[in-house]
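Undergrad: have a look; sequence and predicted model below, questions after that.
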Amino acid sequence: MARLSWSVLAWLGIAGAASTWAAANATESPGTPVPGAFIIECESSQVCESVAKAVEEGGGTVRHTFKSAIFNGLSFQLANETTAEGDMKALAAQFTGIKGNWQLQKVNLAPGGKAEKQPEDKTVEEGQPGEGEEQRPEEKTTNPGRLLGRRAVDGDGVESPWPHLMTHIDKLHKEGYTGNGIKIAVVDTGVNHTHPALGGCFGPGCRVAGGENVSKQGAKNETIDCSFHGTAVAGVLAGYDEATGFVGVAPNATIMAYRVTDCNGDADQEALINGWLRAHESGAQIIASSLSAGAENWSPQGLVATIVARIVAQGVPCIVAAGNDNAAGPFNIAVPSAGRGVTAVTSFTRTPTALDYMGAYSVGDGSEPVEFLLSPTRDLPDAWGNKERPLHDVDADFGDDPDDDLTGARKTTRDDFKSKHEENCKLSPGGSSNGFAQDLVGRIALIRSTPVTKDCSFFHRARNAIGRGAAHIVAWEDKPQDIKLQDYQGVQAIGVTTSDAGQAMARALASGKPVTARGTGRVRIDTGLIAYASAYGPTWELDIKPDVGAPGQGILAPDMDGGYGLVSGTSVAGPLVAGVFALVAEARGTFNPALLNGVVMSTAEPQSEHGKLISVIQQGGGLVRAWAAAHATTLIEPRALTFNDIDHRVGTITLQIYNSAETEMTYQLSNLAATTLYALGGDFLYNNKGVDAKADIKLSQSSITVGPRQSVTVDVSAADPQGLDPERLPLWSGWIAINGSDGQNLTIPYLGLGGSLRSTLVLDPSGLSIHGNPSQKPITENSLVIFPNPRGPQKPGPSKDKARPEGAIRHLNVTASFKLVLGSPLVRIDIVPLDLCSSGPPKPFEHVQGGDIVRLGRPVNGTSEKGPKVLVTRSLACTPDSIITEFAGVKSIGQLPGYPKEWAGIGQLSGSWTGELDAPWQFAPPGRYKFVARALSITGDAANEADWQTVESPAFSVSYEA
C-alpha cells in the first residue's frame, strides 16, 4: 500500500485546496413559518388517517406522513392560510388523539446554503517550484474494493493531521481502532461519494454504502451533495484517500448519506425530521449532523430536538454541531444540538502561531543535529519534508549581523511590501528573466523577521530570496508571529521559529561553517482556544451545552470537485467528535449514548485563555481526548452538574464514582473554577475578560478510595459568588477535578446562575413600534390607518359613510416590531380594542396628522374643530363584546398572524395585520386599537399574570377604503 510521508500530507493541506472555505455558519438560519402548514404528532396511525381525511375534505392537502416508532405524525397544508391557525385549533379540539402540533418551518443553510471564501484568506494555486500551476490529487472514481486494513494509518506511513494529534485520535489509530464495521449516518446536505476520499462509489461494499435524498429536489437516490457541506462533514468523519494520505477520524466506518436540503440550502422542517428518522431506521449506530433548525427554539420543546433526543433515548448516539453564532451571546445553542442527551459540539482553534513542527539543523563540524520548533505559517505552503538542505543567511547579504541589537528598531509593516525602497533589495543581479542570479536554488533562506536595514523589510528580503530561487524560507524573531506574504509563487514552505534557534543557525553561518536543516515531524499541540465561530450555551433550562469541543478552524476536508480545502466552523468540529465516538465505541464495545457521552465529557480537558479557564458555557467539558475516553476505567454520573438559578437552586448534587478496574483506586477531588460571564450588559462576553468570581463549592469528601468494581458517592454543593450583580445574570461555572492514583485526570463540569431567570427583563423596554406597509412610515399615537376594503361577504363598514381624510395613511398592512432581550416560552401580540360597545356610546376619537383633526364616529353637535372628517355609523364605531376574548387580564379580538409564538429566542420579533380576524372573512370593526405584546418570563406560569411582561404600541385608528 502506498503511503505518504508527513511532509507530503502537510503540503496537501494547502496545495490541494482550490480555496479556503468557511463552513456556512454550521447551522441553518432560524426557521420561517410556512403559511397554513402544520406538523402534528398522533397517538396512533388511525388518528393521523382521520386527521388527513378531515384536512382533505376541507380542501387542504397532506404533505408527508411520518410512520416511525420515534415519531408518528403528519404534515399538511390547510386550504385557507388566513384562517389556518383557527382551523388548526379546531382540528386539535376535534381529534383528541393529536399529541402536539407545530407550524411547519422552512430553514436555510446560512449564508445561502453554500460555502464562502473567508475574506482574509486567499486562493492558493501551488505547483512545482517556479511553475505556479495548480495540482490536484489524481481523480479516483472506481470502487475501492476492500476497506483499508485496521492498521493502515499507524506507524510511519501516514502522518496524522494536527486535529488528530490535538485530540489524541492518532493514538487510537496506532492501536488499530479505525471505526471498523461501524455504520454512521450523516444527516446533512448530501455526500459526494465520487470524491476519492469517500470511495468513488455508492452502494453495498462502498465507503458510502447507502442513504436517501429526502429533500424536495431530485430523486430519492440522488444523495450527492451540491453545496460542499455534507461532503466535508463525511470526509472529516470517515474519509480516506490512499493516493494523497488524507485520513478521517474513523476511516473504516461505513457512511449512510441522508440529504435533507436542496441545492439552494433550503429545507422544510419535515425534511429534517424525515432525514433523522430514516437515518435511525437504517440501523445506523451513530448519527452525525452539522445542520440545525436554528437557535430560536428551546431544547426539549423544539420538534426536531425532541425527535433527535428520542433517537438518543433508543440507544443511538447523536452528535450535532452547536452552531457558529456567538454574536448573540449566551443561551444561543442551536437546535437540535440543544436536545437532552444530544452531544453538542463547539469549535476550538490553535493559537495564532503554534510551533507544531519539529526541524533539525546540523553544523558541518561533526556535532550532533540540533532540534528546533517551527511553525508553518498560515495560508502558505508548508512542505518541509525530511530532505537536508543547506541554509543561507539572507540578512548577511545586507550587512546584518545575527547579534545586532534591535532594541527600538522599526517594526516593518505590510506597507513596506510596496515601499519605494524596494530597489535597495535588488542584490545578486544576474542574467535570469527576473533579473536575479539563481544562487539560492535548493537552499533554505534564513531571514530575521525584523531586520536591521530599515530600507529593506522582511517582505522585500523574502521576495529577494524567492527571486534568487529559494523555495524554503525560515523566519526568526523573539516572539514568533504568523507571516502574511502576498507573492510566494514557487515557494514550497515558509515557517517561523524562535530567536534562539534562528540566531544559533545565523551565528554558525557567520563563522563560516556550513549549516543544513530538514523537517523531522509534527509536534503534538494539544491545547487550544475557542474558535471565533462558536455559539455559547447554556440552554434556557440551564442544561450544560455545548457538551465538548474539537478542532474546527482551518480543517482539511474534501471539496466538491475532488480536491481538498480548509473548512472552519462547528460543522467540522461536530463530525470529528462523531468519529471519536465511533473509535471509543469500538474500543469499549458499546454504543450506549449515556456512557459514551459521559466518558468523552469526563476525559475532555478544560482549556484556558490568558491564564484563566474558559467558561463552561463556551467549552462544555473541554477539548476531547479520544484515547483517554476509550481507556478510562473510572465512570462518573451524572456527566454534568447544573445548580440552576436562585429560584430553582439545587442545594446538593451527588456524584457517583465507579472504579471498573481490577485494582483499588484512590482519587483526589478539587474545584477548578472558570471565568464568570454576565449574560446581560457590559462587554464581558465579547472580549473574554469575564469576571474573576468563583462559586463556593463544597465537597463532602476530597479524597476517596474505591475498590475494584466498586463505587463511592460524593456530595457537591454550591453557593453563588459574592459581589456580583444578579440582574445581569452572572453565569458561574467550573469543573470538579477527579484525579486517580493511576494517572487518570477526569473533570465534571458544573454551572449555576447567580440571578433569577423568572424575574429578569425579557422584553426590551424600548417598546413596540408599528409601521405601515409598503410605505414603511412609522405609525404614531392617534394615527389613522386606512386598509383596503376587503373582498368577501363581510364588510367592516358602509363605504358611503366614509370620506378619505387628507393626509391619512393608506396601508396594505401594519407591522408591529419589538425585541426579546432573553428567550420566552410563549409570546403573544394581542389586538386590543379601545372602544367596546358594552362601555356605552362610542367616544369620538381624534386623529392628528399635519395639523388636521379627523373625527371618527357620530358627529358631535357644535364641533368647532377644523379638518377633514371620517363618518362611520355608531354600530360600527365600537367593538361588540361577542368577539372579545380575555387572556391574563387583557381583552382582545385576537392575535396577529403567527402568534402565539412558542419557545422564542433572543432577537427581533414582528407580526403584520391587515385588519382580518382569525375567522373566515371576518374583519375588525373600524375604531381605535392598540397592539399589546406580552412575553412569558422564563420558567414563568402562563396562568399567573405577574409572570407576563408587556409592551404596547401607540393607539391608532382603523378604517377601510370606500
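TA: Okay, I see it. Residues are numbered from 1 along each chain as shown.

Undergrad: where does the prediction get shaky in the stretch 551-700 of the chain?
TA: Per-residue confidence for the stretch 551-700 of the chain (pLDDT under 70) gives these ranges: 682-689.

Undergrad: what ranges does it have for its helices?
TA: All helices of the stretch 551-700 of the chain, identified by DSSP state H, counting those that start in this stretch, fall at 570-588, 593-603, 616-619, 626-631, 684-687.

Undergrad: which residues does the helix or strand hosting residue 270 contact?
TA: Here residue 270, judged by DSSP states H and E, is contained in helix 269-281. Helix 269-281 is contacted by residues 31, 39, 63-64, 66, 68, 70-71, 75, 102, 104-107, 185, 187, 212, 214-216, 256, 258-261, 287, 289, 291, 293, 303-304, 307-308, 311, 314, 316, 336 when judged by CB atoms under 8 Å, 6 or more residues apart in numbering. From N, CA and C alone the C-beta is placed, and that goes for glycine too.

Undergrad: can I have the buried ones of those residues as a ChimeraX selection?
TA: Applied in ChimeraX, the following selects the buried portion of these according to 16 or more other CB atoms under 10 Å:
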select :31,39,63,64,66,68,70,71,75,102,104,105,106,107,185,187,212,214,215,256,258,259,260,261,287,289,291,293,303,304,307,308,311,316,336
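
Undergrad: which ones among the contacts of helix 269-281 are found in strands?
TA: In this view, the contacts of helix 269-281 that belong to strands under DSSP state E are 31, 39, 63-64, 66, 75, 102, 104-107, 185, 187, 212, 256, 258-259, 287, 289.

Undergrad: so which residues of the stretch 151-300 of the chain form helices?
TA: Under the criterion DSSP H, counting those that start in this stretch, the stretch 151-300 of the chain contains helices at 162-167, 169-174, 229-238, 269-281.

Undergrad: for residue 87, grab phi and psi.
TA: phi -70, psi -40 (degrees, to the nearest 10).

Undergrad: just to revisit the earlier point, next one: the helix holding residue 270 to chain centre, how far?
TA: Here the centre of helix 269-281 is set off from its chain's centre by 20 Å, with CA atoms, centre = their mean, to the nearest Å.

Undergrad: show the average pLDDT along that helix.
TA: The average pLDDT within helix 269-281 is 95.

Undergrad: and it, what's buried?
TA: Under the neighbour-count criterion of 16+ other CB under 10 Å, helix 269-281 has 269, 270, 271, 272, 273, 274, 275, 276, 277, 278, 279, 280 buried.

Undergrad: between those residues, which is nearest residue 85?
TA: Nearest to residue 85 among the buried residues of helix 269-281 is residue 269, at 17.1 Å by CB to CB.

Undergrad: and that closest one, how close does it get to residue 32?
TA: With the distance defined as CB to CB, to the nearest Å, residue 269 ends up 10 Å from residue 32.

Undergrad: identify the contacts common to these two.
TA: Each of 105, 106, 107 lies in contact with both residue 269 and residue 32 under the rule CB under 8 Å, 6+ apart.

Undergrad: which residue packs closest to the second one, ignoring adjacent ones?
TA: Leaving aside its sequence neighbours, residue 106 sits nearest to residue 32 (CB to CB, 6 or more residues apart in numbering; 4.9 Å).

Undergrad: for residue 101, which non-adjacent residue is closest in space?
TA: That would be residue 40: by CB to CB, 6+ apart, it lies 4.6 Å from residue 101.

Undergrad: make that residue 85, sorry
TA: Nearest residue to residue 85, sequence neighbours excluded (CB to CB, 6+ apart): residue 918, at 5.9 Å.

Undergrad: next one: residue 88
TA: The shortest distance from residue 88 to any non-neighbouring residue, by CB to CB, 6+ apart, is to residue 38 (5.4 Å).

Undergrad: what's the burial count for residue 358?
TA: Per other CB atoms under 10 Å, the neighbour tally for residue 358 reads 15.

Undergrad: hmm, it is touching residue 522, no?
TA: Yes. Using CB atoms under 8 Å, residue 358 is in contact with residue 522, at 7.2 Å.

Undergrad: give me the common contacts of the two.
TA: Counting by CB under 8 Å, 6+ apart, nothing touches both residue 358 and residue 522.

Undergrad: distance to residue 465 added to the helices of the stretch 151-300 of the chain, as CSV?
TA: Formatted as CSV, the helices of the stretch 151-300 of the chain follow (distance: least, CB to CB, whole Å):
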stretch, distance to residue 465
helix 162-167, 27
helix 169-174, 34
helix 229-238, 35
helix 269-281, 53
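
Undergrad: between those, which one is closest to residue 398.
TA: Residue 398 lies closest to helix 162-167 among those, at 34.7 Å (CB to CB).

Undergrad: that closest one - what's its average pLDDT?
TA: Mean predicted lDDT for helix 162-167 stands at 92.

Undergrad: could you do stretch 926-933 as well?
TA: If you average the pLDDT over stretch 926-933, you get 92.

Undergrad: so which residue is dead centre in the chain?
TA: By CA atoms, centre = their mean, the chain has its centre lying nearest to residue 323, at 1.5 Å.

Undergrad: mind checking which helix or strand of this protein has the lowest mean pLDDT?
TA: Ranked by mean pLDDT, DSSP states H and E, the weakest helix or strand in the chain is helix 6-15, scoring a mean of 25.

Undergrad: and this protein, what are its domains?
TA: With domains defined by automatic domain parsing, the chain comprises 28-109, 162-350+527-591, 357-522, 633-757, 769-960.

Undergrad: quickly list what residue 446 is bridged to.
TA: Taking DSSP bridges as the rule, residue 446 bridges to residue 393, residue 474.

Undergrad: if I look at residue 669, how far off is residue 885?
TA: Noted for residue 669: a distance of 57 Å to residue 885, by CB to CB.

Undergrad: who's more crowded, these two?
TA: Counted by other CB under 10 Å, residue 669 and residue 885 do not tie: residue 669 has more neighbours, with 20 against 12.

Undergrad: OK, contacts around that one?
TA: Applying CB under 8 Å, 6+ apart to residue 669 gives the contacts 699, 701, 702, 703, 704, 714, 736, 737, 738, 739.

Undergrad: for residue 641, what are its contacts?
TA: By CB under 8 Å, 6+ apart, the contact list for residue 641 reads 653, 655, 716, 718, 736, 748, 749, 750, 751.

Undergrad: most surrounded residue in those residues?
TA: So for the contacts of residue 641 (other CB under 10 Å), the most neighbours sit at residue 749, 28 neighbours.

Undergrad: so what's that one up against?
TA: Applying CB under 8 Å, 6+ apart, we find residue 749 in contact with 544, 601, 606, 616, 620, 621, 622, 640, 641, 733, 734, 735.

Undergrad: excluding covalently adjacent residues, which one is nearest to the fourth one?
TA: So the one you mean is residue 616. residue 733 (3.5 Å).

Undergrad: burial measure for that neighbour, as a count.
TA: Around residue 733 there are 32 residues (other CB under 10 Å).

Undergrad: also residue 695?
TA: When neighbours are counted by other CB under 10 Å, residue 695 registers 24.

Undergrad: please renumber the chain so that the first residue is 39 from this point on.
TA: Got it, first residue is 39 now, which makes that one residue 733.

Undergrad: right, and it touches residue 769 too?
TA: No. Counting by CB under 8 Å, residue 733 does not reach residue 769; the two are 10.5 Å apart.

Undergrad: overlap in contacts, those two.
TA: Listed as contacting both residue 733 and residue 769 by CB under 8 Å, 6+ apart are residue 790.
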